[in-house]
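In: Mind folding the following:
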Amino acid sequence: MQPRPATRPRQACEATSTARRQLNLATRHQLTTAAGVPPGTITSRTRPGGPWQRLLPRVYLLQTGPPDQRQRALAAVLYAAEPGSDPLSGDTAALTGGAALALLGIREAPYTPVDVLIRAPRKLAGSPEVRPYPTTRWPRTITVSGIPSTRPVRAAADFAARTEEPADRIRSVLAQVVQSGWCHPHDLHTELRAARLLTRPAIRAAAGELLAGVRSVAEAQARDVLSTTDLPTPLWNARLHTPDGTFLASPDAYWPDEGVALEIDSAEYHYTRDSWHATLHRRLRLESHGILVVSATPSMIRDTPSEVIAALRTLLTLTTTRPTPPTALARGHQQLVLPL
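Out: You can find the predicted model right below:
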């Protein structure tokens, strides 16, 4: 019986080391060049029933179980990175768009197709799962869950540039990026302008809403409804404080001169037991400081806007004669002029 070649333990060690830092993934270049794995071994191990899987051209998953979303995203980066480079450095390939936002927890951002930036003029064939995106504006990159990615503001702009989703989905995703604190609306507006995306009506409208303080599709729809009336223009998501500086609440829309607030309460986010109690406590805090509150659901804003407007009009009219003004002070978002 002949002894095993001495190189096999080294090959296995090198392949394992590479896969460990790359979510159990490796490229063909890494396996053959760095680890010394013969091409025939790769072919053998990726046959049906074998221990490895071919996820993309020249990219392999060194496990038998199905890949998760993180592994699919990193596989796209490994596929797009220049052979011989460190694919985790973010120098030659970086995750962007919806897949990068999904990793950050943006609910409506799509995991697929995976958009990956590469440096222009380099070109790379795409597929239904992966879309290489050549760019001359190479961004600073960060690492998200072990995957080199663009910063959230660039990922949001790239999502808006390449998505085929309807306008409301674009609105919602961009709003979630800002609402989650991943970027400031002014920075997002600057990035969208640098990418020359503000010529698109849906994106320009979404950017304008965010600058005005709108943070959700329901708020955007409410803003559209209010813009068709003669009601005063409210502040969106203004932070209200008591006279001693204690934070009170941040209603969706607030009329500071009249002390009237509009709260849009979605069943999806507010009607668990704890969230419902929190909603009631917030309303009590507002009312205890003299603020009159109109509560509505997103479906009311969408389906029966005239009833919401009538309720607001009634309260805004009542405030002109009430003897006790509200004691809350509004800070935060103002109605900003949208830059050209």
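
In: And the helices in the chain, which stretches?
Out: 7-20, 28-29, 39-45, 69-80, 97-103, 152-162, 167-179, 185-194, 201-211, 217-227, 267-270, 273-288, 298-303, 305-318 (DSSP state H).

In: need the ones you listed in CSV with mean neighbour count and mean pLDDT, can you?
Out: Heads up, the C-betas are built off the backbone N, CA and C, glycines and all. What follows is the helices of the chain, written out as CSV (neighbours: other CB atoms under 10 Å; pLDDT from 0 to 100):
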stretch, mean neighbour count, mean pLDDT
helix 7-20, 15, 67
helix 28-29, 16, 93
helix 39-45, 14, 93
helix 69-80, 24, 96
helix 97-103, 27, 96
helix 152-162, 25, 96
helix 167-179, 21, 89
helix 185-194, 19, 93
helix 201-211, 21, 89
helix 217-227, 20, 86
helix 267-270, 13, 50
helix 273-288, 14, 82
helix 298-303, 16, 90
helix 305-318, 16, 93
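
In: I'd like the ones you listed laid out as TSV, including distance to Ala120.
Out: Shown next, in TSV, are those (distance: least, CB to CB, whole Å):
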stretch	distance to Ala120
helix 7-20	28
helix 28-29	22
helix 39-45	31
helix 69-80	13
helix 97-103	16
helix 152-162	14
helix 167-179	25
helix 185-194	16
helix 201-211	22
helix 217-227	34
helix 267-270	41
helix 273-288	46
helix 298-303	41
helix 305-318	46
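
In: Any idea which of those gets closest to Asp115?
Out: For Asp115, the closest of those is helix 97-103, at 3.3 Å, according to CB to CB.

In: Please state the offset of the closest one from the chain centre?
Out: 6 Å (CA atoms, centre = their mean, to the nearest Å).

In: same deal with stretch 185-201?
Out: 16 Å.

In: How far does it stretch from one end to the other?
Out: Using CA to CA, to the nearest Å, the end-to-end distance of stretch 185-201 comes to 17 Å.

In: Kindly report the same for stretch 84-104.
Out: Per CA to CA, stretch 84-104 runs 29 Å from first to last residue.

In: one step back: quick one, which of the helices of the chain is nearest to Val144?
Out: Nearest of the helices of the chain (CB to CB): helix 97-103, 4.9 Å.

In: measure the nearest residue to Arg313 once chain neighbours are set aside to Arg21 for me?
Out: Leaving aside its chain neighbours, Arg313 sits nearest to Leu231 (6.5 Å; criterion: CB to CB, 6 or more residues apart in numbering). Going from Leu231 to Arg21 by CB to CB, to the nearest Å gives 58 Å.

In: And the two? Which one has more around it.
Out: Leu231 (16 against 12; other CB atoms under 10 Å).

In: how about low-confidence regions in the stretch 1-150 of the chain?
Out: Along the stretch 1-150 of the chain, segments meeting pLDDT under 70 span 1-14.

In: could you show me where the strands are in it, in order?
Out: 25-27, 53-56, 59-61, 93-96, 114-119, 130-135, 141-144, 147-150 (DSSP state E, counting those that start in this stretch).

In: List the neighbouring strands of the third one plus their orientation.
Out: Going back to what we said before, that points to strand 59-61. Applying DSSP bridges, strand 59-61 is found paired with strand 25-27 (antiparallel), strand 53-56 (antiparallel).

In: and those strands, which is most packed in?
Out: Counting by mean count of other CB atoms under 10 Å, strand 25-27 has the highest mean neighbour count of the strands paired with strand 59-61, with a mean of 26.

In: Where do the domain boundaries of this protein fall?
Out: Domain assignment of the chain by automatic domain parsing yields the ranges 10-66, 70-211, 234-267+274-331.

In: and the last one, how far apart are its ends?
Out: Using CA to CA, the end-to-end distance of domain 234-267+274-331 comes to 13 Å.

In: And that domain, how far out from the chain middle?
Out: Centroid displacement of domain 234-267+274-331 relative to its chain, using CA atoms, centre = their mean, is 28 Å.

In: From the rest of the structure, what touches stretch 219-231?
Out: By CB atoms under 8 Å, 6 or more residues apart in numbering, the residues outside stretch 219-231 that reach it are 171, 175, 205-206, 209, 212, 214, 233-234, 236-237, 252-253, 262, 264, 296, 298, 301-302, 305, 308-309, 312-313, 316.

In: If we use 6 Å, what do you get?
Out: Contact with stretch 219-231 is made by Arg171, Glu209, Val214, Asp252, Ile301, Arg302, Pro305, Ile309, as judged by CB atoms under 6 Å, 6 or more residues apart in numbering.

In: Out of the strands of the stretch 1-150 of the chain, which is closest to Thr199?
Out: strand 130-135 (18.4 Å).

In: next one: stretch 66-79 to chain centre, how far?
Out: 19 Å.

In: Could I have the CA atoms of that stretch written out in PDB?
Out: The C-alpha coordinates for stretch 66-79 follow below in PDB (Å, rounded to 0.1, in the frame of the first residue of the first chain):
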ATOM      1  CA  PRO A  66     -27.700  24.800   1.400                       C
ATOM      2  CA  PRO A  67     -26.200  28.200   1.500                       C
ATOM      3  CA  ASP A  68     -27.700  31.000   3.600                       C
ATOM      4  CA  GLN A  69     -28.200  34.600   2.400                       C
ATOM      5  CA  ARG A  70     -24.900  35.700   3.800                       C
ATOM      6  CA  GLN A  71     -23.100  33.000   1.900                       C
ATOM      7  CA  ARG A  72     -24.900  33.800  -1.400                       C
ATOM      8  CA  ALA A  73     -24.000  37.500  -1.000                       C
ATOM      9  CA  LEU A  74     -20.300  36.700  -0.300                       C
ATOM     10  CA  ALA A  75     -20.200  34.200  -3.200                       C
ATOM     11  CA  ALA A  76     -21.200  37.100  -5.500                       C
ATOM     12  CA  VAL A  77     -18.400  39.200  -4.200                       C
ATOM     13  CA  LEU A  78     -15.900  36.300  -4.600                       C
ATOM     14  CA  TYR A  79     -17.100  35.800  -8.200                       C
END
